[in-house]
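[1] Using only what follows, build the 3D model:
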Amino acid sequence: MKPTFPILRANLLATATAACMSAPAWSISYGTYDARAMGMGSVGVAAGNTENAIFYNPALLALHDGDEDSSRDGRLFVPIVILQASGAYSEAVDIADQDLDGALSSAVDNFNANQGAASAGQVSAALTDLDGAIDDLANEDIGLDNFIGFNISEPGDREGGAFFFGTRIMAGGRATVPEQDRAVVDRYQSAMDIIAAGGTLADIDPELVDDDGNLIDPNDSLSSSVDIGAVALTEWGVAFAKEIDVMGLPVSFGATPKAVRVDVYRESRGYSDGDLNFDDNYKSHYTINGDIGVAVEFAKHYRIGMAIKDVVPHDFQSTSVDEVTLRPRSRMGVAYTNSLFQIGVDMDLNEIEPLAGEAPYQDAAIGVEFTPFWGWDFRAGYQMDMTGVRDYSYSAGLAYKVTRFVFELSYLKGSASEGGGVQLGWAF
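    This is a model prediction of the structure:
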């Protein structure tokens, strides 16, 4: 069988992206790490709580009254699972399952063995399916951003601590199909329509027929190329926070030192290069980094927060020349909170260069949480790219607590993306 059309390869899709990289370095976004934040549009720098503070702003761990031994506000969440993917990624998975390029090669082989209207119709049908796949994926962003892990938090009286372990898997890019590939499909489609209508090979473009009188497999003429990229961040972090008096104003400071493993995969593949080679294009790195945050709570209900993730910049190479750039990512948030209702707004303070060659983006989000009665929380959120490049998304979520058991669920839907989150917890 001929090498498969790259944007349709199942093993390529399993790496999570088909991309055309135009920039030599990749950066990483702020991220969504728990079901509560996902349900609230990914806000958390000010609207977060002691349960998820370690992910968004460790200073929030100190915004708590009461001793840890009597409050039962400690939480253990295991597992935490967050899944997000672009619509194009979902389409690509469906297309890969159909093995359209393999079906086309089989149809061509059958035609060459039994030339006629029926076999030409089979080739034509396979070309139609392939052409539809090209239309679905060409020049569409393909990506995902997933997280799985656990965390444990224990707030005290205006201080607190937490620990987490988790892996975030990111990939992104843009599938690119040259116009000449579209022209190849159109030429073969026209030729097969002629034969299906009663014509012969003598009636079609002679460039589509070899010297032995056989139809040349269209896959041999497709020149698409693809760059594959994926990054996995595995982190072990311990957070601590303390509220102190600064010129009469209580200010909470927090930090999360962490050990980090960065796994980088990067490979450029042409159509004729055959299967992917993971072993030769994968590299692991180990480092130490940290997050810091500050938060101010005033008039009992109002909060302002700012946090920086990965304060120490690092560059991590794959076996190719391309780098993952782990740069500090800063975000600011404001929130209003009371016992029944909470609303928060977060905004990236700097533009993020995505994993592939798309334009930079800068997110802003708003989220709300409503607690109409004990044991239930209902959430909703909206997130947008202030540069106008990426799609917007809506989200919703809920949490239910019975005795000490906690269950949280969220769902996200964008104009070209979809995701969900779930986590199970225990109060102590």
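[2] tell me the centre residue of this structure?
    Residue closest to the average C-alpha location in the chain (CA atoms, centre = their mean): residue 145, at 2.1 Å.
[3] Bridge partners for residue 259, pull those for me.
    Beta-bridge pairing of residue 259 under DSSP bridges involves residue 236, residue 288.
[4] Give me the local confidence score for it.
    According to the prediction, residue 259 has pLDDT 98.
[5] could you measure it against residue 288, distance?
    Distance of residue 259 to residue 288, computed by CB to CB, to the nearest Å: 6 Å. Using the backbone N, CA and C atoms, a C-beta is placed for each residue, glycine as well.
[6] Which of the two has more residues huddled nearby?
    Neighbours were counted for residue 259 and for residue 288 using other CB atoms under 10 Å; residue 259 has more, 14 against 10.
[7] which SS state does residue 103 fall under?
    Put simply, residue 103 is helix when judged by DSSP: H, G, I helix; E, B strand; the rest coil.
[8] Could you report the neighbour count for the nearest residue to it once chain neighbours are set aside?
    Nearest residue to residue 103, sequence neighbours excluded (CB to CB, 6 or more residues apart in numbering): residue 126, at 5.0 Å. Counted by other CB under 10 Å, the residues lying close to residue 126 total 25.
[9] Report the contact partners of residue 126.
    By CB atoms under 8 Å, 6 or more residues apart in numbering, residue 126 lies in contact with 100, 103, 104, 106, 107.
[10] Give the burial count for residue 209, as a bare number.
    15.
[11] What of residue 361?
    Using other CB under 10 Å: residue 361 sits among 18 other residues.
[12] Check the gap between it and residue 348 for me.
    According to CB to CB, residue 361 and residue 348 sit 8 Å apart.
[13] In contact with residue 134: list those residues for me.
    177, 181, 182, 185.
[14] what about residue 376, distance to residue 39?
    Counting by CB to CB, the gap from residue 376 to residue 39 is 13 Å.
[15] Have a look at those two and say which one is more surrounded.
    Counted by other CB under 10 Å, residue 376 and residue 39 do not tie: residue 39 has more neighbours, with 30 against 12.
[16] Tell me which residues touch the more buried one, please.
    For residue 39, the contact set (CB under 8 Å, 6+ apart) comprises 367, 379-381, 395-398, 408-411, 421.
[17] any idea of the mean pLDDT in the one helix or strand residue 408 maps to?
    Using DSSP states H and E, residue 408 falls within strand 405-414. Rounded to a whole number, the mean pLDDT of strand 405-414 is 97.
[18] mind listing what it pairs with, with the direction of each?
    Applying DSSP bridges, you get strand 393-402 (antiparallel), strand 417-427 (antiparallel) as the partners of strand 405-414.
[19] Is it possible to get JSON lines of those strands that adds mean pLDDT, distance to residue 229 and mean neighbour count?
    Converted to JSON lines, the strands paired with strand 405-414 look like this (pLDDT from 0 to 100; distance: least, CB to CB, whole Å; neighbours: other CB atoms under 10 Å):
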{"stretch": "strand 393-402", "mean pLDDT": "97", "distance to residue 229": "22", "mean neighbour count": "18"}
{"stretch": "strand 417-427", "mean pLDDT": "96", "distance to residue 229": "18", "mean neighbour count": "20"}
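[20] Mind jotting down where the strands sit in the stretch 251-400 of the chain?
    282-298, 302-309, 314-317, 323-326, 329-337, 341-348, 363-370, 376-385, 393-402 (DSSP state E, counting those that start in this stretch).
[21] Regarding the protein, what is its longest helix?
    helix 117-137 (DSSP state H).
[22] Just the CA coordinates for it, please, in PDB.
    Output in PDB follows, covering the C-alpha atoms of helix 117-137 (Å, rounded to 0.1, in the frame of the first residue of the first chain):
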ATOM      1  CA  ALA A 117     -17.600   1.700 -15.500                       C
ATOM      2  CA  ALA A 118     -18.200  -0.100 -12.200                       C
ATOM      3  CA  SER A 119     -14.600   0.000 -11.000                       C
ATOM      4  CA  ALA A 120     -14.300   3.600 -12.300                       C
ATOM      5  CA  GLY A 121     -17.300   4.500 -10.200                       C
ATOM      6  CA  GLN A 122     -15.600   3.000  -7.100                       C
ATOM      7  CA  VAL A 123     -12.500   5.200  -7.700                       C
ATOM      8  CA  SER A 124     -14.700   8.200  -8.200                       C
ATOM      9  CA  ALA A 125     -16.500   7.600  -4.900                       C
ATOM     10  CA  ALA A 126     -13.200   7.200  -3.100                       C
ATOM     11  CA  LEU A 127     -12.000  10.500  -4.600                       C
ATOM     12  CA  THR A 128     -15.200  12.200  -3.500                       C
ATOM     13  CA  ASP A 129     -14.700  11.000   0.000                       C
ATOM     14  CA  LEU A 130     -11.000  12.200   0.000                       C
ATOM     15  CA  ASP A 131     -12.000  15.600  -1.500                       C
ATOM     16  CA  GLY A 132     -14.500  16.100   1.300                       C
ATOM     17  CA  ALA A 133     -11.800  15.300   3.900                       C
ATOM     18  CA  ILE A 134      -9.500  17.800   2.300                       C
ATOM     19  CA  ASP A 135     -12.300  20.500   2.500                       C
ATOM     20  CA  ASP A 136     -12.900  19.600   6.100                       C
ATOM     21  CA  LEU A 137      -9.300  19.800   7.200                       C
END
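[23] strand partners of the helix or strand that that helix is followed by, parallel vs antiparallel please.
    Per DSSP H and E, the first helix or strand lying C-terminal to helix 117-137 is strand 141-155. Strand 141-155 pairs in its sheet with strand 75-86 (antiparallel), strand 159-174 (antiparallel), by DSSP bridges.
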